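> Have a look; sequence and predicted model below, questions after that.
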Amino acid sequence: MAEQESLEFGKADFVLLDAVSMPEFLANLRQLLQEKPMKNNNRTPLVVTYNPQARPLQHIIKNLQPILQDDPSLSQALGDRPLLAFRQPPNLKRILTSNYRSQSRNTKAGTQPCSESGAGKTEASKYIMKYIAAITNPSQRAEVERVKNILLKSNCVLEAFGNARTNRNDNSSRFGKYMDINFDFKGDPIGGHINNYLLEKSRVIVQQPGERSFHSFYQLLQGGSDQILRSLHLQKDFSAYNYIRTRGQLKCSINDGAEFKAVADAMKVIGFKSEEIQTVYKILAAILHLGNLKFSVDGDTPVIENGKVVSIIADLLSTKSDMVEKALLFRTVATGRDVIDKQHTEQEATYGRDAFAKAIYERLFCWIVTRINNVIEVKNYDTTIHGKNTVIGVLDIYGFEIFDNNSFEQFCINYCNEKLQQLFIQLVLKQEQEEYQREGIPWKHIDYFNNQIIVDLVEQQHKGIIAILDDACMNVGKVTDEMFLEALNSKLGKHAHFSSRKLCAADKILEFDRDFRIKHYAGDVIYSVTGFIDKNKDTLFQDFKRLMYNSSNSVLKMMWPEGKLSITEVTKRPLTAATLFKNSMIALVDNLASKEPYYVRCIKPNDKKSSQLFDEQRCRHQVEYLGLLENVRVRRAGFAYRQTYEKFLHRYKMVSEFTWPNHDLPSDKEAVKKLIECCGFQNDVAYGKTKIFIRTPRTLFTLEELHAKMLVGIVLFLQKVWRGTLARLRYKRTRAALTIIRHYRRYKVKSYICEVSRRFHNVKSMKDYGKHVKWPIPPKVLCRFEESLHAIYHRWRANVLIKSIPPEDLPQLRAKVAAMELLKGHRADMGLQRAWEGNYIASKQDNPQNTGSFIPVANELKKKDKYMNVLFSCHVRKVNRFSKVEDRAIFITDRHLYKMDPMKHYKVMKTIPLYNLTGLSVSNGKDQLVVFHTKDNKDLIVCLFSSQPSNESRIGELVGVLAHHFRSEKRHLQVHVTNPVQCSLHGRKCTVSVETRINQSQPDFTKNRSGFILCVPGN
């Protein structure tokens, strides 16, 4: 609301215009169209919208942030997100929220979109429904959700069957709709009721050039599956049906195929049964086929040229083809007690067919509305039990229409708009006067156009156009439209708002015996009387009613209850179409007058459906007939702005030191007076009982400038304080978190250590010294500590176990450990479970016959080489570089490795100092292959074997004692476990591989291309 915004982009509130005149109003309207999608008077129950808009209307629903509510239940429903009303830009949402608040205060409220055709009334009504659905039922009650879904889906269904493309609008409402939405004490919708008015059923049979019939026909043909169309005897080509055939290609923004599916889904959600939906399709198809019937006369007898179509119609309407044919060609007439069948002329048959088609569609539409009402009506609601039941009414009715050819339908539609405009002026003036009286402000008379004279011209008893039309329809004999026009000329010739060519002979725009003109509040409209009499009579032969009542389809039968009357029964003359419409309009206005009204005035800026063009002449016309200028004058009445003292003070208290941040004056009214005096505006305001009234917009803009200027400093101060508060809170939370983490870690460490101490408390008395004890899971911070603790425990346990072993067994134990370290995971059998004797040749158990010859040799070598200990001795089978295989023995001491010949009393064949030994190679199988690697590349290849037991593995013992010995001398012994084994014989590289053979009795070496093969027994 800042002044800069108002001057540059137009004033969002028309009441704040500097001068209330048509040029100022239109200039402001042009700016608003270019910049903002929706504007209104910010302090009246009236919103002005554009259609088309520069931006889509969906923004109303995207961010449903309601304004401040005084009603607690409504605040809860709206999500408790208050905003000050006068700080919000004017929009449709504001009107809807105020409307919703009205019903929540135990009153009736109503919203009335109003404009000419194509200006956006239907779209505004749909967004009203979506808004109500969005802000209600926060507790997600299933029944309320069901009602909301039905209310929303009903729009889709009613648009399909009641809307059509016109030259001004692709989705024009061709019927009037008033919907009551009932709310419970919580503000949630619990039901509703729909009233429909004057469906333009003549559109079923004929349309003006460039227009279409109702959407439902095109949706069925375009969206129906091939199976559905075949069952209905239809094809997708529109031009195949006379009732909807158009000249040339019509461009329409409606996607008929997609809408067909949407309507079908909506009908299912509402509660239509599948057979009911199928009946609807059959009725639409029957109407299309009716339009293709061709009549001719054979002599004096009328006949139907395409009789096959009659059978199709009969099948679709669930009746007999001969009865359909009779109803189309004959009329049953009762003369006294006699009943005769009167033949139709070709013209009468065509008229009867068209009247039948229109009536079927009208009955279908009314049945759909009734079906929806049966589903959503409030049932068994007791106010003493369930609380108050409030209502919001939404009126979506025809806009003012001026076509090239205006007929009976446009006459009724424009009469409806006259009634609603009359109500609008009365209620606006009444509301304004009541507010001035409540606040004690003197009322200033406002001049405005009162259209009561036009309403009387149409509806006055015995003198109005409708009364004259009814008199013409009730006259005996043939009455023509020209006779009706003559009656109008004679009875209304002196009326200031009525004229015709006979009354104004110089006016060549009017045709003789056809046209008359009414000066409506929205402009002059020329009506053609052609068809007025027939459309007002709305004649439908009783034969068609009885035909439908006797249908075997229960839905069709329900639509025609009067068909049960026999031809001889005398019935009262039915009311004419115009009288029925007049009565419904009077009832509607009475209903609206009982509610608190809120208005949506829709502006259509051009006829080209463009959001960028502004047709000033067209907009001027709409501003005039919508009474927008008068509404602004009424609302201003000398004062451009008004607001309650509490809200005004809340908004502007920072501009005065006497009211910021809080005042100490007796009341808010006194505080506002003090604020106004400080700013020097005391001569431009008036003080009511609860509100302040500001005369000129300039005062309000000045206050807004001061408010915006002060707001910057206040916001910076609040930001500083709040950021400091957040920083302190963040510091305290961080410090507390670190303290908690520190104590928690200490607790976890202590708990872990205590648990370890508890589990290993009696570990010394355990048989396995705690090997079976399961360690507790440590906290992550103690993972490395746990590894160290495990190592300490294992060293302690090993130390305890070692202490229990006799000293003489320790060397053997150390040798086994060395073997396990080198061979674990490489060889399966290492001989760890048996006692290692070491010197097997000197053992009588292993070598009972030759022990006596070996011991002297061993003793001689001890004297000669002065070795201290015998590490290992065993019989072997060796192979040399000449592939010669021989049985030998190896004798390993702590200084040498001796190769001996057992057959020559263990004569030493070769001596290898241990310092010349670089490593060992063994295979990964169960064989006893060993290769001793030497520095001079003269490797020794042997296979160990034992006599007792024959399959005893001694590889592990050999590796272990040598590795232990080398380790004691701080030397490293390389042990390779591979297959095949790599070796070197006098510098020549070769390999020794191991193969298992079933028929092999003893291990033996054989020659191959790469070296040798050790063949071992398979078992």
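Looks like it arrived, so ask away.
> Am I right that His772 is in a strand?
No: remark: His772 does not belong to a strand; assigned using DSSP: H, G, I helix; E, B strand; the rest coil, it is coil.
> Nearest spatial neighbour of it, chain-adjacent residues omitted?
Take His772 and drop its neighbours on the chain: the residue closest to it by C-beta to C-beta, 6 or more residues apart in numbering is Met766, 7.7 Å away. Quick note: C-beta positions are derived from backbone N, CA and C, even for glycine.
> got a pLDDT number for that neighbour?
Each residue has a pLDDT score; the one for Met766 is 89.
> Over to Asp70?
Per-residue pLDDT puts Asp70 at 33.
> Surely Ile150 is within a helix?
Yes: counting by three-state DSSP, Ile150 falls inside a helix.
> Please shift the residue numbers so they start at 10 in all later answers.
That works, and once the first residue is 10, the last one we named lands at Ile159.
> Report the mean confidence score over the helix or strand hosting Ala364.
Using DSSP states H and E, Ala364 falls within helix 355-385. Across helix 355-385, the average pLDDT comes to 90.
> What is it packed up against?
Other elements packing on helix 355-385 under the criterion 3 or more C-beta pairs under 8 Å, 6 or more residues apart in numbering; DSSP states H and E are helix 151-171, strand 198-206, helix 265-279, helix 283-300, strand 304-307, helix 330-338, helix 551-558, helix 563-568.
> what comes up buried for it?
Neighbour-count burial for helix 355-385 flags 357-359, 361-374, 376-378, 380-382, 384-385 (criterion: 16 or more other C-beta atoms under 10 Å).
> Check stretch 774-792 too.
Going by 16+ other C-beta under 10 Å, stretch 774-792 has these buried residues: Tyr778, Gly779, Pro787, Pro788, Leu791.
> Other residues contacting that stretch?
Contacts of stretch 774-792 with the rest of the structure, by C-beta atoms under 8 Å, 6 or more residues apart in numbering, involve 754, 757-758, 761, 764-765, 768-769, 772, 794-795, 799, 802, 806, 809-810.
> Select only the buried ones of those residues in PyMOL?
Buried residues within the contacts of stretch 774-792, by 16+ other C-beta under 10 Å, are selected in PyMOL with:
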select buried, resi 761+765+769+772+795+802
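> which one of the contacts of stretch 774-792 sits closest to Asp413?
Nearest to Asp413 among these is Arg754, at 89.0 Å by C-beta to C-beta.
> The closest one should be in a strand, yeah?
No: according to three-state DSSP, Arg754 belongs to no strand; its state is helix.
> Just name the shakiest helix or strand of the chain by mean pLDDT.
One helix or strand of the chain scores below all others by mean pLDDT, DSSP states H and E: helix 68-71, with a mean of 32.
> Just say helix, strand or coil for Val319.
Following three-state DSSP, the label given to Val319 is helix.
> Now do the SS call for Ala867.
Reducing the assignment at Ala867 to three states with three-state DSSP gives helix.
> Contacts only, for it.
For Ala867, the residues meeting the contact criterion (C-beta under 8 Å, 6+ apart) are Ala851, Val879, Phe900.
> show me the residues around the second one that make contact.
So the one you mean is Val879. For Val879, the contacting residues are Gly847, Asn848, Ala851, Ala867, Phe900, Ile901, Thr902, taking C-beta under 8 Å, 6+ apart as the criterion.
> Kindly recompute the last result at 7 Å.
Shown here is Val879, whose contacts under the criterion C-beta atoms under 7 Å, 6 or more residues apart in numbering are Gly847, Asn848, Thr902.
> Nice, that's everything, thank you.
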